[in-house]
Structures are given as C-alpha cells and as structure tokens.
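S.K.: Sequence and predicted structure are below.
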Amino acid sequence: MKVERVLIKISGEALSGAEGIFDSQAISGVCSNIKNVVDSGVKVCLVVGGGNIIRGRDFQNCRFMITETADTVGMLSTVMNCVIMRDALASCGMSVAAVSTLHLPFNILSNDIYTLNRLLPSNDVVIFCGGIGLPYFSTDTVAVVAAIMARCNVLLKATKTDGIYDLDPRLFANAQYIPELTHSDAIRRCLSVMDQTAFEVASKYKLPIYVFSASEPNCFARAINGEIKMSVAR
Ligand code: UDP
C-alpha cells in the first residue's frame, strides 16, 4: 500500500512534561516527529486529545459540573491544544490548517467535506479539533471519523505501550502482545487501546490502525515504513 496521507492521533498528554500541561521539549519533539513524515512526502491529518487539560470521565462525580459540561470542557481543551500545535508546527516550516465541527473563531474552519477537499491538498498538516461536537465521545472516535473523511490510508495511534496487549502491560506482567488483529477482535475482546465506537467505525470503513509507542524516536515515519514494534488492527 502506498501511503499518501495518514491520520496521527496523539493524546493531549504528549504535549505535557516537566514544564506542565504544555512542555516546550515535548511539543517540539512531536513537531519534529511530524515533520519527518511531511518531509517524506506524506500528508498529515492530526487529532490531539485533551487529556493534558481535562478528560470528561475524570469529573463524573463532580459536585459543581454535570457530565456533559465536563465533556464540553474536554472538547474545548482539544481546541486549545490545536491552536498551540498549529503555531508549533508552522514554526517548524509546515503549512497548517485547523478545522472543527464546533463553530469557532481563530481561523478554525468548518469540518465539512467541501472545506476539507480544499484544505487537504494545499496544507502539510490539517488539525481536527473540538471533538465530534457532542458529549460521551472520545477523540479516538474523532480520529477515526477524520481519517475516513480525509481518505487517510492509515490511522497512526501513538500510545504509552508498544502495541496492543490483552491486558495493560504496565499493570500485568503476563500481558500478551497482539501483533495483528481485526477490528471485530478488538471489539469482541474489549481491548481498551481505543474505545469501542472508534473500532466500530474503523471496521465499517476498513481503516487500518497502527498502534505503537509514542516514546520511540521518529515513531510516525518509522511506523509508516513498518520499522518499529507495533500492532495492526485492520
Ligand atoms: N470529548 C467529548 N466529545 C468528543 C471528543 C472529546 O466530549 O467528541 C471530551 C471528553 O470529555 C474527553 C475529552 O474531550 O475525555 C478529551 O478527549 P480524550 O479523552 O479523547 O483525550 P486524550 O485522552 O486522547 O488526551
């Protein structure tokens, strides 16, 4: 398969570090990683989560905020991450556009197929922010939907583990690594690497998902070339 466009999904935590929720070293590391992909001639769509700021599920029993509000703040967190990453990527010499299903100022354009068809050919990176625009979803589902809309060949998901396991390998020494699986296997076995809705949509549209460690140097370009340990769901 000739890869022409990829969707990169990173957690908001990938932007954080010793300096706090926005860490200059972490952000520049992500940017140079993405630049290597762009320099190899592959276009990038990017979804950044909001976990460095707020995840709705962490506020489920909150006294002053209902669940839906917590999810709204989560979605707005992804907007903050988006505008920061837009600047950070542009400062590395890449052309970057941002889209959202939310109606936003700040030159964040509408996430519709007409706008995308105009932006995708003329930008190195298009960032999707603001979630699906509804509570109860995660940015994994956003990433899958964005990948399908943008006709990406593959979704690259950088995580804390070096692939998909039957159990969390950080908690269970006997966790088994799963190099290849189908989307339906992931759903049936309740593997938590991505949420079930994301796998359902990916399955319907046959979107391959590569899962690998975010801490591998140059992880995105090497994942595209199959040069690092990863799991493939297809
Ligand atoms: N969120 C939402 N709807 C969406 C996408 C995201 O409500 O369509 C909220 C949800 O509260 C989520 C938060 O935004 O926890 C941040 O996204 P996510 O947890 O996926 O971020 P990550 O863990 O990847 O950093």
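M.R.: Received the coordinates, thanks.
S.K.: just how off-centre is the longest helix belonging to the chain within its chain?
M.R.: Criterion DSSP state H: the longest helix present in the chain is helix 67-91. In terms of C-alpha atoms, centre = their mean, to the nearest Å, the centre of helix 67-91 is found 12 Å from the chain centre.
S.K.: Is the ligand within reach of that helix?
M.R.: Yes: Helix 67-91 comes into contact with the ligand (C-beta under 6 Å from any ligand atom), by way of Ala70, Asp71, Gly74, Met75, Ser77, Thr78. C-betas here are computed from N, CA, C, even on glycine.
S.K.: would a markdown table of the residues you listed with distance to Ala214 and pLDDT be doable?
M.R.: Formatted as a markdown table, the residues of helix 67-91 next to the ligand follow (distance: C-beta to C-beta, whole Å; pLDDT from 0 to 100):
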| residue | distance to Ala214 | pLDDT |
| --- | --- | --- |
| Ala70 | 25 | 97 |
| Asp71 | 24 | 97 |
| Gly74 | 20 | 97 |
| Met75 | 22 | 98 |
| Ser77 | 18 | 98 |
| Thr78 | 17 | 98 |
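S.K.: So which bits of this structure are right by the ligand?
M.R.: So the chain meets the ligand at 11-13, 49-51, 55-57, 70-71, 74-75, 77-78, 131-132, 134-135, 137-139, 142 (C-beta under 6 Å from any ligand atom).
S.K.: ok, now with 5 Å
M.R.: The chain comes close to the ligand at residues 11-12, 49-51, 55-56, 71, 74-75, 131-132, 135, 137-139, as judged by C-beta under 5 Å from any ligand atom.
S.K.: Mind telling me the two of the residues you listed farthest from one another?
M.R.: Largest separation among the residues of the chain next to the ligand by C-beta to C-beta: Ser11 and Pro135, giving 18.9 Å.
S.K.: Neighbour count for those two, which is higher?
M.R.: Ser11 (22 against 16; other C-beta atoms under 10 Å).
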